[in-house]
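Q: One predicted model, sequence on top.
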Amino acid sequence: MDTQLIKRFTTAVILLPILIAVLYVGSWWLVGLTVVVFLLLNWEYYSMRSDISLKAKLLAILVNALPIGLTLSVLINSDDIFNITYPNHDIYASECLQLSLILYFFRLIPITGIVVLIWFMRDIFFCRKIIETNCSDVLPAKIRHYVWGYLYMGVLASTFILANSIGKTTGFYLAWILAVVFVSDTCGYFFGKKFGERKFSPNVSPNKTWVGFFAGLVGAALASLFFVWLLIGIGIDAAGPVLLGLSKIQVAAYGVFIGVLAVFGDLFESLVKRLNGVKDSGNLLPGHGGILDRLDGVLWTVWVAFLVILLNS
């Protein structure tokens, strides 16, 4: 068996039970995990460039953490925040101010996410020009890395922490998104490698094919449906995520949407790595590379949980 595949499997076997346990327990264990992931993602991103000093890295991470400071303070000061199932759940009057702040972020995150993703998609579609000029015709490469870093690590990566404001169902939403992205990536990889010929984005990721892209979308839809079916099967009732109240078409559609975003998330990280001349974002996960290599697609999709709640609760 391939040595690299053995490393990937071993890493997954060790980390997956821990991840499942934290997602199930939730509460401050999940907050702690998301904070650690946020810091690691930022560290890996800014470490891709050798000309960024330690002081500059720490300052950039601090700036990226500012958008989440208010929400963390709300979580810390609320004793019953994890008893809130939906944003419109009946709660005590003393918590109304805290909930209003959280609702503000709920409405802000989908809008911000859409704006940021449109910006990134523009860069992906014009990737050939960006790669050939190394961004010199628009912004100096180092400056663009900081700009991308704030949008990518400050806005999108912070949704890992902001997702905790959903309440006690946070773990369900994160597990749903992780499962859909994983299945989508896996289907895209194997079907693309076996049957794919026409390249999807040869300038950024030469290995991606159109067959793999569409196979990933089918896998994402099926994974989304299976996840909801599984939650219902194990007895998660109406007090669980809003997700359980959606029709099968809606659940599948959200899965496809997540699959599309995950592909572009992977492409964007590939573009960043190509511009900085690195193969992996890090080496923290044997056989996988860095944390960012595993969560590049997830970064683009966590905010979909907020969108599902807003549109359906």
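A: Done, it's in.
Q: ok, now which ones touch the closest residue to G282 other than its chain neighbours?
A: Among residues not flanking G282 along the chain, G290 sits closest, at 2.7 Å (Cβ to Cβ, 6 or more residues apart in numbering). In short, each C-beta sits where N, CA and C put it, glycine included. If a contact means Cβ atoms under 8 Å, 6 or more residues apart in numbering, then G290 has 44, 280-284 as its contacts.
Q: ok, now T301?
A: Taking Cβ under 8 Å, 6+ apart, one finds 177, 180-181, 258, 261-262, 265 in contact with T301.
Q: what's the pLDDT at the residue nearest to G282?
A: In this prediction, G290 carries a pLDDT score of 84.
Q: Show me where the protein dips below the pLDDT cut-off.
A: 1-2, 4-5, 8, 67-140, 164-167, 236-241, 287, 313 (pLDDT under 70).
Q: Residues contacting the lengthiest strand in the chain, please?
A: When the chain is parsed with DSSP state E, its longest strand is strand 205-209. Residues from elsewhere that reach strand 205-209 (Cβ under 8 Å, 6+ apart): 188, 192-193, 196-201, 263, 266-267, 270.
Q: could the contacts of G290 be laid out in a markdown table, adding distance to T11, secondary structure and neighbour count?
A: Formatted as a markdown table, the contacts of G290 follow (distance: Cβ to Cβ, whole Å; DSSP: H, G, I helix; E, B strand; the rest coil; neighbours: other Cβ atoms under 10 Å):
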| residue | distance to T11 | secondary structure | neighbour count |
| --- | --- | --- | --- |
| E44 | 16 | helix | 22 |
| D280 | 13 | coil | 15 |
| S281 | 15 | coil | 27 |
| G282 | 13 | coil | 19 |
| N283 | 11 | coil | 11 |
| L284 | 10 | coil | 17 |
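Q: can you list the contacts of strand 205-209 in CSV and add neighbour count?
A: Below are these laid out as CSV (neighbours: other Cβ atoms under 10 Å):
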residue, neighbour count
G188, 29
G192, 22
K193, 12
G196, 21
E197, 8
R198, 9
K199, 15
F200, 20
S201, 21
V263, 26
D266, 24
L267, 25
S270, 21
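Q: mind listing which of these are in strands?
A: Judged by DSSP E, strands contain the following of these: 199-201.
Q: Between the residues you listed, which sits nearest W210?
A: Proximity of the ones in strands among the contacts of strand 205-209 to W210 (Cβ to Cβ) peaks at F200, which lies at 5.4 Å.
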